[in-house]
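A.B. asks: this one's sequence-less:
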């Protein structure tokens, strides 16, 4: 089937899944989790076939060893996959929440209610566990989803999706085509231009993938390319606290998007040398004259810059940062507040590691992704990023003409 | 100055205006209103110069008579302009609202706080009153704004902006370059590609303008092109109510985006002929075989289609509609609820004219525009459409490593 037909079916499915109760959606999710558990051997077999081919690609240099590792499904990943689906079933339903209820006039009631966005397009790289996670998030939020994974994982991806769809087929009243998958390279281009049917693109992968997608579509993209996070060590920062936070932010998972890339130090911070010594002792390479201040190392390298004052720090971050997560280390609460208000990033932190920028750590229960957008959803995005709202207005034959002529008047009384 | 420099200054201004208190912003708005009042003669003079040129353009057919009328500032429009600015001053500040406050662990508090989007780009047609309105909305929401109006209004636009900026210059602490304006045709193209500095584009004008903008930018666009609204007269609709609502929805302001374009009638509705007769008597031309079901007449013409049942009505609307505002007329509340849930539009109405889709009628106090987007803001958009949020996290040296190793645990306790 060509992409447009798949997208058309997904759109139709999105209009049907909107009718499902929370109970049916949760039953579907539990059925999916059970099916993955029951069929794990089948999934491992498919994964072994992919890994066999991938070994050759690693040898020939077509894929990296780390891509190979992300592709590999082991018992831990399988367990996390299954548990992840069950956890999403436990979350509260993001759809049909009343955000506003207002009487416009007697008997004329406006309601603002959350509803699904429609059809999600997901483009992801090696990790096959994305399929069960994103499918579950889509089902929970009553969206349809079209997935496009990397070709090196195609056996695994196909098998997982077959398992998911076989399980969904058995759930009474669950519409067909809610979760579908495409495999051809050309499908990416088709997806990016399919704004007629696809309402939101979510890329899951490295910077280059995300940049490519953002540059090649008019469909809204939820995600982030760079994660150039900063820590500013103010004049009054505590040395021990600074060392602990910076080392965690750089080394706990250096390739994470919320790892720190640049350390700004106030020129009057008295413990500069001790601080840098402690950081270097944690196996971090300090770079004093980087080629660019807007570079994401993704490894144990940290650019270091001395700044005149907090204003230079804020201005540096707003110029070179990626609007992801930035932190001030200070004992001056006035400086902390100034930094938190003026740094234009999704996450603005005081005395804490940038690595906390994460949907699970924020208590969202699930993470759709981390967004550096300035509209819709910003920062770690939970299920609420997959819904929008509609206005329901119920009346008794009211007409605008009466209000425009002053025969009737609005009272605008909030009911909740 | 070239566009990129203007945009750069606007970006810098956006980072400064974020610091202003509600009091300063409201004082600035009142100063703007007073200045427009004081300088109204100067503005009329500039407008007369534009009108003189525009007369020739009407004669030569370059602009329509209705564009000419929109361009013309009379006493009513001037009074509305001034009052509009004062009304925005009275609204509650959309910035710095706490949306969530959660203790992640003892002493570790996450706050989700509304903040401005950054720089707005406004492209508008003849109406010069857009300038004071959008500038005021931007100031109130702590955004910077770059305006590009039609060339036929350039004297008026320039004069109004000079008056506004002279007033803002005198407000203590108010940053420069919050409101700026560009005049060249090439500036539109520059604006649309300036995603480095501009965060949101808001078009104010006809379908063609909005379509052109949406097709030529990767910057998020808040607005709608078509407004193809439907009314479905169900089997049990009340004849008198149906006639009243449909006539209001079509004739009260036929060129409005929320005017009805297509009437769907259930095949078993017993009063079909009487209903159509009443509508025709209100000077509405009924079109039974339109060239397209997806056409916005914008005048007293109404396409009419008979449908088998409510499902066909819903499916017709989801296929040909523009996701703006659609209504069911029925006495069956189960049908009403089905329609409200399954029609995928920003506004879904029961027994009421589609013309109610409007920010003022909804009680928002101001309207940024009406959006048919599926992300960020949908339907009539008030000031909340001009803000996003950031996450503030305040700690005492916490590191992720402790939580990842199980030394510490999150408690995720909501504080508000």
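C.D. replies: Received the coordinates, thanks. Values in this document were obtained by computation on a predicted structure and should not be read as measured data.
A.B. asks: Show me which residues of the stretch 101-250 of chain A sit near chain B.
C.D. replies: By the rule Cβ under 8 Å from any Cβ of the partner chain, the part of the stretch 101-250 of chain A lying against chain B is A:102, A:104, A:108, A:110, A:115, A:117-118, A:199-200, A:214-215, A:217-218, A:220, A:238, A:240-241, A:244-245, A:247-249. (Glycine included, C-beta is placed from N, CA and C.)
A.B. asks: Kindly provide the distance from residue A:174 to chain B.
C.D. replies: Between residue A:174 and chain B the computed distance is 17 Å (Cβ to the nearest Cβ, to the nearest Å).
A.B. asks: And the residue lying closest to residue A:377 once chain neighbours are set aside, its phi and psi?
C.D. replies: Excluding its sequence neighbours, the residue lying closest to residue A:377 (Cβ to Cβ, 6 or more residues apart in numbering or on different chains) is residue A:385, at 3.8 Å. The main-chain torsion angles of residue A:385 are listed as degrees, to the nearest 10 and equal phi -70, psi -10.
A.B. asks: and residue A:385, what is it in contact with?
C.D. replies: When contacts are counted by Cβ atoms under 8 Å, 6 or more residues apart in numbering or on different chains, residue A:385 touches A:222, A:368-369, A:371, A:376-377.
A.B. asks: Just among these, which is most surrounded?
C.D. replies: In terms of neighbours by other Cβ atoms under 10 Å in any protein chain shown, the contacts of residue A:385 top out with residue A:368 at 26 neighbours.
A.B. asks: What number of residues are in the vicinity of the closest residue to that residue other than its chain neighbours?
C.D. replies: For residue A:368, ignoring the flanking residues on the chain, the nearest one in space by Cβ to Cβ, 6+ apart is residue A:381 at 4.4 Å. Applying other Cβ under 10 Å, we find 24 residues neighbouring residue A:381.
A.B. asks: What is the neighbour count of the closest residue to residue A:154 other than its chain neighbours?
C.D. replies: Counting by Cβ to Cβ, 6+ apart, the nearest residue to residue A:154 once its immediate chain neighbours are dropped is residue A:183, at 5.8 Å. Neighbourhood size, residue A:183 [other Cβ under 10 Å]: 12.
A.B. asks: Not counting sequence-adjacent ones, nearest residue to the one residue sitting closest to the centre of chain A?
C.D. replies: Here the mean C-alpha position of chain A is nearest to the C-alpha of residue A:369 (Cα atoms, centre = their mean), at a distance of 0.7 Å. Across the structure, with Cβ to Cβ, 6+ apart as the measure, the residue nearest residue A:369 apart from its sequence neighbours is residue A:223 (5.1 Å).
A.B. asks: who touches that neighbour in this structure?
C.D. replies: A:202-204, A:210, A:213-214, A:369-372 are the contacts of residue A:223 under Cβ under 8 Å, 6+ apart.
A.B. asks: ok, 10 Å please
C.D. replies: A:123, A:201-205, A:209-210, A:213-214, A:257, A:368-373, A:381 (Cβ atoms under 10 Å, 6 or more residues apart in numbering or on different chains).
A.B. asks: Domain map for chain A?
C.D. replies: As given by automatic domain parsing, the domain ranges for chain A are A:3-222+A:368-389, A:229-356.
A.B. asks: and the residue nearest to residue A:368, what are its bridge partners?
C.D. replies: Beta-bridge partners for residue A:381, by DSSP bridges, are residue A:369.
A.B. asks: one step back: I'd assumed residue A:383 was in contact with the residue nearest to the centre of chain A.
C.D. replies: No. Applying Cβ atoms under 10 Å, one finds residue A:369 not in contact with residue A:383, separated by 11.7 Å.
A.B. asks: Find residues that contact each of these two.
C.D. replies: Taking Cβ under 10 Å, 6+ apart as the contact rule, the neighbours common to residue A:369 and residue A:383 are A:137, A:359.
A.B. asks: which stretches of the stretch 1-150 of chain A form strands?
C.D. replies: A:98-105, A:108-116, A:119-124, A:144-148 (DSSP state E, counting those that start in this stretch).
A.B. asks: got CSV for these, with mean neighbour count and mean pLDDT too?
C.D. replies: Formatted as CSV, the entries for those read as follows, by neighbours: other Cβ atoms under 10 Å in any protein chain shown; pLDDT from 0 to 100:
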stretch, mean neighbour count, mean pLDDT
strand A:98-105, 16, 98
strand A:108-116, 21, 98
strand A:119-124, 26, 97
strand A:144-148, 26, 98
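A.B. asks: Next one: the residue nearest to the centre of chain A from chain B, what distance?
C.D. replies: The spacing between residue A:369 and chain B, counted by Cβ to the nearest Cβ, is 14 Å.
A.B. asks: OK, contacts around that residue?
C.D. replies: For residue A:369, the set of contacting residues under the criterion of Cβ under 10 Å, 6+ apart consists of A:122, A:134, A:137, A:202-204, A:210, A:221-224, A:257, A:359, A:377, A:380-381, A:385.
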